[in-house]
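Participant: sequence? don't have it. structure:
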Ligand SMILES: [Ca+2]
Ligand SMILES: [Ca+2]
Ligand SMILES: [Ca+2]
Ligand SMILES: [Ca+2]
Ligand SMILES: [Ca+2]
């Protein structure tokens, strides 16, 4: 049996790489286990009294809620979540973070250089619904024109994608909810992975096309087209009108072609979903190494999932400026109020699946989640779906929920999403593809058609975190240059477009 | 030119049935119009001073915010919304409402009689996603099995429908949001229009299948099947597993057949969307007559769209019991708080489209919205997506937003939705079809492929509201017996499944 892993010399717990039977003593010390304990779960390295800190990653992840013997299973039944009360030390680690930026020779990838200076990794035509009322017409137009073979002559077009959603009306016409939806729709229509876009509305909805254009200016309007069902004569007539417009647009969109572009043009969305006890030991720290390599080339990486960094914000505050720290802390304050709507709270995470996988507290999960952002300075804070134009590590506010968070990162300009998963995720995205990293060999075997890169060999074969990080970085460049991810081959990414719905449905 | 319509002798405004030119005097009195005024808009029948009531339907819809001359256009520029401060008179009109129940000979329709005593108007197989993570697998399974012709031998099955949505994780595990989603999913899986259902999850989501089953009991579990992507081996393996299960289920589901069933088995969802100035004069009151005919046969009609009855609640309170009144008033209080989340308010309605159509205040819109519920007593109050088993007129809480409201009514057991529209809607629904009523001849001509029944002839040809109501009632029986609606022919109803998302996205 593989040895239990101690992640940091200070730790009072070790992590099981494989299931341990009842009666076994995986740490070689203490009483035999009373029950079998699953992989990813924690065992006590030392005896703990009630109230003693439980330490993992060298950090306090909770406190013992009962006496814990050496070798005993440590989880929800004997650990409680304790507020992190250490004072914020803003900027304390900034110099060390600056030193962590790798100094490496410039690399390039084959991308679509756009007029505005940004670079695409794909070349889609986007149909954007302003409201649920136009969801069906854009979906039908996209599937019909594809089935009819109208795209076949255009090798440089990756497809027509329909961005349909459930909102756009029955909502406040101003405020955070409306602003977020506007940014998501406009961010997708103007995305570097999109060659041309058609907005389709019903006509009488809150999220008016004209209003959106006024809000964002008319830059590049020759790439944007718009129509409404009410003005076009109903469902069938609108489907035909969209298809006619697509036939007009396709030859122009097909003129785009790939050329060598610098890695500094890349913005990478960092995601995790269905985390398990291995996320923080394999895939997340390896992705952190890849993040640092992107940053070292002048590119950008986007950390998000605000509820999941809650409790580990000090790690970020110590490597950022007072200006960014103020925004991040304001954001976390906003979340305390927001989460309370409908009876939630900021320690709502981890999910039932996370708990089964061995994650006991949000603190423990957060420390693992932040690992994927690497070690460089936090340079900027962005609201959900705001355009991320700055290089380096950015934080963009979003829920932890995968489709909503990734939709915001893509709207912000991410041309690639990298997504770590332990329990197994079937996520995919458009127009920016998602690369999925499995935290274990078990998951790689259980969902082979969904996982792009396995990180379980860090445990099973002793691959170093640094080598795995370089492997991920090289894969990002290949996928950015046009190689298809597993989720692209499976056709995912249409139903996973999910703008964050903030505020009441009216 | 058609004459301006006065809806009630007390009214201080008349409604234009057609656009009036600048310089014309459509009321035959007052100064010529300074600007052209669109159809559905209001003109002043009398001079009003600032603060004077504006009266339509015999009810105060607002107050003049500036002096208004005879013949002048009356709209947002010179009307303000004023709180309705009349004391509630609960039950005052109950006897009159009882007398409004028509005493008519029993009628029947051809439906699917189910084991639990309910009757279906369609016979679908439902694929229900517990979470967005399983949206793509159920959509792919439904479209692939249909394209492969596997349904062709089964004439009694209307299709396989995929109920995918954007939520199910990243949410509080208990409370109003989780309860609502549970009711929607279970209500669709157990709907009388559904012969069998398969729940599909990712595996680690908040909205666990097992939890939902425990919540609702195991009645009829032989109709329900369940699987998860994580246990089945990923995206492609799950699509294949769903298709294999469907092939197993289809012969059994096909055994259902239509037989004569009483109208008392029907529950009809009442909807309006994209209302205009004609909604309240043509389609809504005509639907009100049809509602009364359904109730007279022992059937049930469901009024919803809580923000849209706001301001006209007294009309309902006067014809209900203290028990129901208390629930309705509690619901409206809840909405005041809910609407304020994200900066909305209860006078957020009417939408920009409604305003263009001539509706000035929510009061005016609400009076028109309530008309579709007819004149019978309000018998019961239900939460969103709660099972409506009682006969007569019920109120079910929901947003006004069409897809969310109709999804709740269908989850509640509505086997048919009747939807009035003035600006034009492209809505459709599954497993219960939606019948769309156009408020005007103009809309009937503008969107002929979407509209099932025109109500404009009430104005253009003097058809009585009573005759139009009977026409709608007869159409409901035909559509309930299997005749396809326009939106069914167009294939709508998949993307319009939109459970109400209440509470924070985490
Ligand atoms: Ca192509
Ligand atoms: Ca996560
Ligand atoms: Ca996530
Ligand atoms: Ca309405
Ligand atoms: Ca509505």
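Facilitator: Cool, the structure landed. Quantities reported herein were computed from a predicted structural model and do not represent experimental measurements. Numbers count the residues shown, from 1 in each chain, chains lettered A, B, ... in the order given. Ligands and ions are numbered 1, 2, ... in the order given.

Participant: in a helix, residue A:417, correct?
Facilitator: No: counting by DSSP: H, G, I helix; E, B strand; the rest coil, residue A:417 is located in no helix; its state is strand.

Participant: give the contact list for it.
Facilitator: A:268, A:269, A:270, A:271, A:406, A:409, A:410, A:429, A:432, A:433, A:434, A:435 (C-beta atoms under 8 Å, 6 or more residues apart in numbering or on different chains). Placement of C-beta: from N, CA and C, glycine included.

Participant: kindly recompute the last result at 10 Å.
Facilitator: Listed by C-beta atoms under 10 Å, 6 or more residues apart in numbering or on different chains, the contact set of residue A:417 reads A:268-271, A:302, A:402, A:405-407, A:409-410, A:427-429, A:432-436, A:485, A:487.

Participant: now, which of these lie within helices?
Facilitator: Here DSSP state H is the test, and those give A:402, A:405, A:406, A:407, A:409, A:410, A:487 as lying in helices.

Participant: spell out the secondary structure type for the residue lying closest to the fourth one once chain neighbours are set aside.
Facilitator: Beyond its immediate neighbours in the sequence, the residue positioned closest to residue A:407 (C-beta to C-beta, 6 or more residues apart in numbering or on different chains) is residue A:498, lying 5.2 Å away. On the three-state scheme (three-state DSSP), residue A:498 is labelled coil.

Participant: confirm for me that residue A:498 is in contact with residue A:403.
Facilitator: Yes: Residue A:498 is within contact range of residue A:403, at 3.9 Å (criterion: C-beta atoms under 10 Å).

Participant: give the residues shared as contacts by the two.
Facilitator: B:132, B:135, B:166, B:167, B:170, B:505.

Participant: name the helix or strand for the second one, please.
Facilitator: When secondary structure is defined using DSSP states H and E, the element that contains residue B:135 is helix B:135-147.

Participant: would you mark the buried spots in that helix?
Facilitator: If you call a residue buried by 16 or more other C-beta atoms under 10 Å in any protein chain shown, then helix B:135-147 has these buried ones: B:135, B:136, B:137, B:138, B:139, B:140, B:141, B:142, B:144, B:145.

Participant: give me the pLDDT value at residue A:242.
Facilitator: Per-residue pLDDT puts residue A:242 at 98.

Participant: same question for residue A:430.
Facilitator: Residue A:430 carries a pLDDT value of 98.

Participant: who are the contact partners of it?
Facilitator: Neighbouring residues of residue A:430 by C-beta under 10 Å, 6+ apart: A:122, A:124, A:126, A:158-159, A:161-163, A:188, A:191, A:193-194, A:410, A:487-488, A:491-494, A:496-497.

Participant: nearest to ligand 2: which residue in chain A?
Facilitator: Per C-beta to the ion, the residue of chain A with the smallest distance to ligand 2 is residue A:272, at 3.6 Å.

Participant: and that residue, bridged to which residues?
Facilitator: Per DSSP bridges, the residues bridged to residue A:272 are residue A:420.

Participant: distance check, it against residue A:40.
Facilitator: 14 Å (C-beta to C-beta, to the nearest Å).

Participant: how many neighbours does the residue nearest to residue A:407 have?
Facilitator: Neighbour count for residue A:498, taken as other C-beta atoms under 10 Å in any protein chain shown: 26.

Participant: equivalent analysis for the one 3 residues further on, please.
Facilitator: The burial count assigned to residue A:501 is 20, neighbours taken as other C-beta under 10 Å.

Participant: mind checking how far the most far-flung residue of chain A relative to its centre is from ligand 3?
Facilitator: In terms of distance from the mean C-alpha position of chain A, residue A:31 ranks first, at 41.2 Å (C-alpha atoms, centre = their mean). Going from residue A:31 to ligand 3 by C-beta to the ion, to the nearest Å gives 37 Å.

Participant: can you tell me the element whichever residue of the stretch 151-300 of chain A sits closest to ligand 4 falls in?
Facilitator: Closest to ligand 4 within the stretch 151-300 of chain A is residue A:170: 9.7 Å, counting by C-beta to the ion. In the assignment (DSSP H and E), residue A:170 maps to no helix and no strand.

Participant: got a list of what the nearest residue to it once chain neighbours are set aside touches?
Facilitator: Distances taken as C-beta to C-beta, 6+ apart place residue B:401 nearest to residue A:170, at 2.4 Å, with adjacent residues excluded. Each residue near residue B:401 by C-beta under 10 Å, 6+ apart is listed here: A:131-133, A:166-171, A:205-206, A:505-506, B:273, B:305, B:307, B:351, B:407, B:498, B:500.

Participant: average pLDDT for the helix or strand hosting residue A:364?
Facilitator: Using DSSP H and E, residue A:364 sits within helix A:362-370. Throughout helix A:362-370, pLDDT has a mean value of 82.

Participant: can you name the element that comes right after that helix?
Facilitator: Sequence order places strand A:378-382 as the next helix or strand after helix A:362-370, per DSSP H and E.

Participant: how about the following helix or strand past that next one against chain B, any contact?
Facilitator: For strand A:378-382, the following helix or strand on the C-terminal side (DSSP H and E) is strand A:392-396. No: using C-beta under 10 Å from any C-beta of the partner chain, strand A:392-396 stays clear of chain B, coming no nearer than 14.8 Å.

Participant: cool, and stretch A:295-306?
Facilitator: Yes: Stretch A:295-306 is in contact with chain B by C-beta under 10 Å from any C-beta, via A:305, A:306.
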